[in-house]
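Undergrad: Could you work out the structure for the sequence below:
(one chain, ligands or ions: 1)
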Amino acid sequence: MQHHPSVRPEGRTHRTDEETSMSESATLADYSDLLSRVAAPEGAGREIPDAATGEIIGRAPVHTVADLDAAIDRARAAQPAWEARGHDARSALLLKAADAIDAHAEELAHLLSREQGKPLNGPNARFELGACAVWLRTAASTALDPEVLVDDDSGHAELVYKAIGVVGAIGPWNWPLMIGIWQIAPSLRMGNTVVVKPSEYTPLSVLALIEVMNEVLPPDVLIGISGDREVGARLASHPDIDKVMFTGSTATGRKIIESSAGNLARLTLELGGNDAGIVLPGTDPQAIAENLFWGAFINTGQTCAALKRLYVHDSIYEEVVAALADLAGKVSMGNGLDEQNVLGPLQNSKQFDIVSRLVEDAKAHGGRIVTGGSPATELGANFYPVTIVADVTDGVALVDEEQFGPALPVIRYTDVEDAIASANGLDAGLGASVWGSDRAEARAVAARLQSGTVWINSHGGLHPLVPFGGVKGSGYGLEFGVEGLKAVSVPQVISG
Ligand code: TXE
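TA: All right, here's what the predicted structure looks like:
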């Protein structure tokens, strides 16, 4: 994976022998030195629990609004020199930062696994670290060249892209490192400096990632500030912030839009979604089952562009439901440090409560639990098993609200027009997928879906050169590739 930019989240249910021996020899990685470089000392800061066991793994610094203001001042002061280095020098440093991430990947993956809950193995913590290096290298090697707009007798005009200034990066807890890199890498590449505010649920692993990158970056171009929501609000509204990159909830996204009225910060908002998948008649359930499963359950369902409601044609409905339930019985959930596990806990009790509530509500509205359906308390406090809920309809909360967890509603349809209307019927539009054996037919349905990306016969695969972003309640702005570089730049026309 690290040799190729494409990172697809479809996991595999089984590991190869080579992977097994590689990962088992690596479980000794000791992150204590790295953690001690970023954590608050004993007696200070805020305790951060292991998401699977509740054991305290470290103390996060509690930075204040005054700390944030000072950090923004430092980032502002460092920005002109960082921009003046030029693209080649910045790219070279970012490539070195990617090497530093690789060198610390096992330590970071272990810390991430404990703090976030995702297993080391499968499409999880190690996968996330690999993706960080791939996205960083790709941003470092992608060019945003000036565009010649007019060059004839009427004159000459070019569009060039310059740094914006200081970028505020506000991140979530589900893929905290990878999404952090999505925000940091293009911003630094284009000559901006960056102040990062990780989620209060996963600060330690993000601070550790920044620490590792700062082994090679000059001072103050990348600063991590570990604070609460108040600090996040200040970062978004600070008069000296020129751009906000945000991934999180729609409610917080709206607040950031409001605060941008004050500082005119440009925004990229990735606000999650409620991705629909449509399985067309004539599709072989066995052929799509594994991609469907991981499209929904990657990171135990805590993924912005995961499959969150599945519409299946009546003719193959029971077969698809059975194939998904069969896979659910083969994957192993538990403590992330255990190499056999590929699914972990919900990251926090708030999210656990949301998933539990939505499943109970679906049961009360006639939903048929095919597998799962009640907490896996034997594994730990925040564990919820893979849950397939059949015989639900639009209007049930598990379908209409984002569950952000391992509970997939499967809805039966007979007329594809109804499935398209349902898919488009919510105020969300990050991703969607169409599943079918006839590619042209699937593409025709895809074209009618209101979402930033539509996958065919897979769900959630991302590529660092392919733009990614939402429509409707899923936000606006594109990340990745050349479009992602434009989003952290200001265009300037040079005419004459
Ligand atoms: O997100 P929040 P939370 C969804 C998921 C989940 C829900 C809430 O459904 O149940 O969001 O998760 C910072 N100005 N997603 O509470 O509150 C905050 O400190 C600026 C989908 O984690 O949006 C944190 O760093 N920043 C999502 C970040 O915003 C503010 C991933 C996200 O917090 C702020 C995670 C403010 N006023 C959850 N208030 C996805 N798109 O993948 C808070 N923050």
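Undergrad: For the rest of this, base every contact and every neighbour count on C-alpha atoms.
TA: OK.
Undergrad: Residues of the stretch 151-300 of the chain that sit close to the ligand?
TA: 170-174, 197-200, 228-229, 232-233, 236, 247-249, 252, 255-256, 270-272 (CA under 6 Å from any ligand atom).
Undergrad: Selecting buried members of those in ChimeraX, what would you type?
TA: To isolate the buried members of those in ChimeraX, using 16 or more other CA atoms under 10 Å:
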select :170,171,172,173,174,197,198,199,200,228,232,233,236,247,248,249,252,256,270,271,272
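Undergrad: Need the contact partners of the host helix or strand of residue 308.
TA: Assigned by DSSP states H and E, residue 308 belongs to strand 307-313. Strand 307-313 is contacted by residues 274-281, 292, 295-297, 320, 399, 402-404, 408-416, 419, 432-433, 459-460 when judged by CA atoms under 8 Å, 6 or more residues apart in numbering.
Undergrad: in that strand, what counts as buried?
TA: So for strand 307-313, counting by 16+ other CA under 10 Å, buried means 307, 308, 309, 310, 311, 312, 313.
Undergrad: which helices and strands does the helix or strand following that strand pack with?
TA: From strand 307-313 onward toward the C-terminus, using DSSP H and E, the following helix or strand is helix 317-328. Secondary-structure packing of helix 317-328 (3 or more CA pairs under 8 Å, 6 or more residues apart in numbering; DSSP states H and E): helix 285-297, strand 368-371, strand 387-390.
Undergrad: Rounded mean pLDDT for the following helix or strand past helix 317-328, please.
TA: Next along the chain after helix 317-328, taking DSSP H and E as the criterion, comes helix 349-364. Averaged across helix 349-364, the pLDDT comes to 98.
Undergrad: Dump the helices and strands packed on helix 317-328 to a markdown table, plus distance to residue 216.
TA: Formatted as a markdown table, the helices and strands packed on helix 317-328 follow (distance: least, CA to CA, whole Å):
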| stretch | distance to residue 216 |
| --- | --- |
| helix 285-297 | 36 |
| strand 368-371 | 48 |
| strand 387-390 | 44 |
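Undergrad: Can you lay out the ones you listed as JSON lines showing mean pLDDT?
TA: Shown next, in JSON lines, are the helices and strands packed on helix 317-328 (pLDDT from 0 to 100):
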{"stretch": "helix 285-297", "mean pLDDT": "98"}
{"stretch": "strand 368-371", "mean pLDDT": "98"}
{"stretch": "strand 387-390", "mean pLDDT": "98"}
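Undergrad: possible to save the ones you listed as JSON lines with mean neighbour count?
TA: Shown next, in JSON lines, are the helices and strands packed on helix 317-328 (neighbours: other CA atoms under 10 Å):
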{"stretch": "helix 285-297", "mean neighbour count": "22"}
{"stretch": "strand 368-371", "mean neighbour count": "18"}
{"stretch": "strand 387-390", "mean neighbour count": "24"}
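Undergrad: Of all these, which one comes closest to residue 380?
TA: Across the helices and strands packed on helix 317-328, residue 380 has its closest neighbour in strand 387-390 (16.9 Å, CA to CA).
Undergrad: which of the contacts of strand 307-313 are buried?
TA: Counted by 16+ other CA under 10 Å, those give 274-281, 292, 295-297, 320, 399, 402-404, 408-413, 416, 419, 432-433, 459-460 as buried.
Undergrad: about what we covered before: let me know which of the helices and strands packed on helix 317-328 is the nearest to residue 478.
TA: Among the helices and strands packed on helix 317-328, helix 285-297 sits nearest to residue 478 (CA to CA), with 21.2 Å.
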